[in-house]
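Novice: return atomic coordinates for the entry below.
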Amino acid sequence: MNNSIIIILGPTASGKSEFSLSLAKKLNGEIISADSMQVYKHMNIGTAKPPCSQRKAVPHHFISIINPDEDFSAGKFKRKAERVIDRILNKKKVPIVVGGTGLYIRTLTDGLCESPPENKKIRRELESLAKKHGNPRLHSMLKKVDAVAAENIHHNNLRRIIRALEVYKASGIPFSEWHKRMEKPGYRFRMFGLSRERAVLYGRINDRVDRMFKRGFVNEVKRLIRMGYGKNLHSMQSIGYKHVVEYLENKYDYATLVELVKRDTRRYSKRQMTWWNKDSRIQWINGDSAQLSRKVCQ
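Specialist: Purely as a prediction, here's the structure:
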């Protein structure tokens, strides 16, 4: 494989975990999870973590490594992932990065922006403004000072909007300009995407959500709350978890809960594809694991 790093990406429920497991066995590889939710301990059902049997069969990295009230950024992922990649390569094995978090993968492949450090005062002011006026107000502010960043950051991604505004206010330099100063990684990446026809993907998403609730997703969220992990945590604001919290607060009934999780997961898969369709490096295979395996192993 010429010491290249394989990346398997795709929308949620496209079959990445199953395929990457078989590929890792075939290539003597280890899996590096690029999933921003699977890093959290105690959050297993709602994040669709690979079962323990799979993780025992092939080494997996970055699954269940921090508590739900801890922060884990794309920058941290990149720095830690590069150390893991070096260890895997030193063992003459193949690193296989697998996931659906586009920012994690882009940070790994394109480099890390060494922008100004966190400014808590500015951040608190922006958070207060968002609570008072909503996300659209901050996104509009960002568009005025950094149209490029506003185009690339979804209007619901409040954390990144605030970070981009914080960087501009602290340095006077647009966030997008800082990104042009990235330090490029020293690896060769081969990027493969596993896609599905929309109707097929949506059916898989719906089936996965049904299985999650049958496995006890509501009880998982109840347990997290009993452990002291409140609804305002970033981890608890993710798709599924925030919906269950609202259901437990009697904001809607069980049938509505399930349908909302399905709907918002489908919408998330669409945003994932919008992100990746801009990247010409990705070789897309439409749901054919055998064809994808042949391409990867060429």
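Novice: for the stretch 1-150 of the chain, which spans come out with low pLDDT?
Specialist: Along the stretch 1-150 of the chain, the model assigns pLDDT under 70 to residues 1-3, 113-114.
Novice: which parts of the stretch 151-298 of the chain are strands?
Specialist: For the stretch 151-298 of the chain, applying DSSP state E, counting those that start in this stretch gives strands covering 189-195, 283-286.
Novice: right, so those: which one is the most enclosed?
Specialist: Highest mean neighbour count of those: strand 189-195, a mean of 20 (counted as mean count of other CB atoms under 10 Å). No exception for glycine: its C-beta is placed from N, CA and C like everyone else's.
Novice: that one pairs with which strands?
Specialist: strand 5-9 (parallel), strand 283-286 (parallel) (DSSP bridges).
Novice: after the first one comes which helix or strand?
Specialist: Per DSSP states H and E, the first helix or strand lying C-terminal to strand 5-9 is helix 16-27.
Novice: what comes up buried for that following helix?
Specialist: 16-17, 19-21, 23-24, 27 (16 or more other CB atoms under 10 Å).
Novice: and it, what does it pack onto?
Specialist: strand 5-9, strand 29-33, helix 52-57, strand 94-99, helix 289-297 (3 or more CB pairs under 8 Å, 6 or more residues apart in numbering; DSSP states H and E).
Novice: going by neighbour count, list what's buried in the helix ranked longest in the chain.
Specialist: In the chain, with assignment by DSSP state H, the single longest helix is helix 254-276. Using 16+ other CB under 10 Å as the test for burial, helix 254-276 gives 257-258, 260-266, 268-269, 272-273, 275-276.
Novice: helices of the stretch 51-200 of the chain, start to end?
Specialist: Secondary structure of the stretch 51-200 of the chain (DSSP state H, counting those that start in this stretch): helices located at 52-57, 74-90, 102-110, 120-133, 135-145, 147-152, 158-171, 175-179, 198-214.
Novice: would you turn those helices into JSON lines with mean neighbour count and distance to Arg226?
Specialist: Shown next, in JSON lines, are these (neighbours: other CB atoms under 10 Å; distance: least, CB to CB, whole Å):
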{"stretch": "helix 52-57", "mean neighbour count": "12", "distance to Arg226": "23"}
{"stretch": "helix 74-90", "mean neighbour count": "16", "distance to Arg226": "28"}
{"stretch": "helix 102-110", "mean neighbour count": "21", "distance to Arg226": "30"}
{"stretch": "helix 120-133", "mean neighbour count": "13", "distance to Arg226": "27"}
{"stretch": "helix 135-145", "mean neighbour count": "16", "distance to Arg226": "30"}
{"stretch": "helix 147-152", "mean neighbour count": "17", "distance to Arg226": "39"}
{"stretch": "helix 158-171", "mean neighbour count": "20", "distance to Arg226": "26"}
{"stretch": "helix 175-179", "mean neighbour count": "20", "distance to Arg226": "39"}
{"stretch": "helix 198-214", "mean neighbour count": "16", "distance to Arg226": "19"}
